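> Give the three-dimensional model of this entry:
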Amino acid sequence: DMARKQPGIEEIDLVNKVCVDEPHILGQDYPYNVVILDCGIKNNSVNALLKREIGVTILPYHTRPEEIMDYQPQAMLVSSGPGDPTRVKKAINTVKVLKEKMPIFGICLGQQIISLAFGAKIYKMKFGHRGINQPVKDLESGKVAITSQNHGFTVDPKSLSGLPIHLTQLNLNDGTPEGIKHDELPIESVQYHPEAGPGPHDSDGFFDHFVETLKSY
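Reported below is the predicted structural model:
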């Protein structure tokens, strides 16, 4: 009876329980600064940027766009996190407002938030992706990477028709979207965890690409 009365994951604001309460600034001496819109950022993602000499400003997901710009970031990373992305409305709005201001990349929940910002639809998967052995194919290069994943929602690929974003990577097990890219703007995302450790390091190049993009913007 207690189990039946428990709210569904779509009814709980999980991101609010895991994001930072106040700004955290790391690597202030580095020449570049990335704002992380925190929906539940993993330490490995932060460390991946710091080891590439990119300063990091971690902000709560509900930080207003104008406050984000006060930090003068060269790029923004929308982090991974738990729960239903449609409940993180302030983060979705932030992507809408800042989409032409700087490169924006996303990880896991971040991919779903970015996709929602451009009009895509999200659905709850019957069988979520859990584990460290999910095969992902890059549609441009044809290469396959073994990735670490932990998510129960995903982008509906049918909803991308007519939108300015397109698929870049697919899951070889079930054909679900694993990568999204904007047609013109420097906005990209992945559904898996490139920072995973222990776990496969096939997708570690995500951070190199992010850094190259922000430096050339």
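> Next up, the contacts around residue 97.
Contact partners of residue 97, counting by Cβ atoms under 8 Å, 6 or more residues apart in numbering, are residue 65. C-betas here are computed from N, CA, C, even on glycine.
> please redo it, this time with the cut-off set to 10 Å
Going by Cβ atoms under 10 Å, 6 or more residues apart in numbering, residue 97 touches 64-66, 68-69, 117.
> for residue 156, same thing?
Applying Cβ under 10 Å, 6+ apart, the residues contacting residue 156 are 115, 120-123, 176-177.
> Quick check: the gap between it and residue 140.
Applying Cβ to Cβ, to the nearest Å, the value for residue 156 to residue 140 is 22 Å.
> Shouldn't residue 46 be within a helix?
Yes: judged by DSSP: H, G, I helix; E, B strand; the rest coil, residue 46 forms part of a helix.
> so how far is stretch 40-49 off the chain centroid?
Relative to its chain's centre, stretch 40-49 lies at 12 Å (Cα atoms, centre = their mean, to the nearest Å).
> An error on my part: the question was meant for stretch 40-55.
With Cα atoms, centre = their mean, you get 14 Å for stretch 40-55.
> which parts of it are buried?
Applying a neighbour-count criterion of 16 or more other Cβ atoms under 10 Å, the buried positions in stretch 40-55 are 40-42, 45-46, 48-49, 52, 54-55.
> Quick one: end-to-end length of stretch 156-173, please.
16 Å (Cα to Cα, to the nearest Å).
> Let me see the mean pLDDT of it.
Stretch 156-173 shows an average pLDDT of 98 in the prediction.
> Looks like residue 154 contacts residue 116 (just checking).
No: judged on Cβ atoms under 10 Å, residue 154 makes no contact with residue 116 at a distance of 11.9 Å.
> Now do the shared contacts for the two.
85, 122.
> any idea how far residue 44 is from residue 100?
30 Å.
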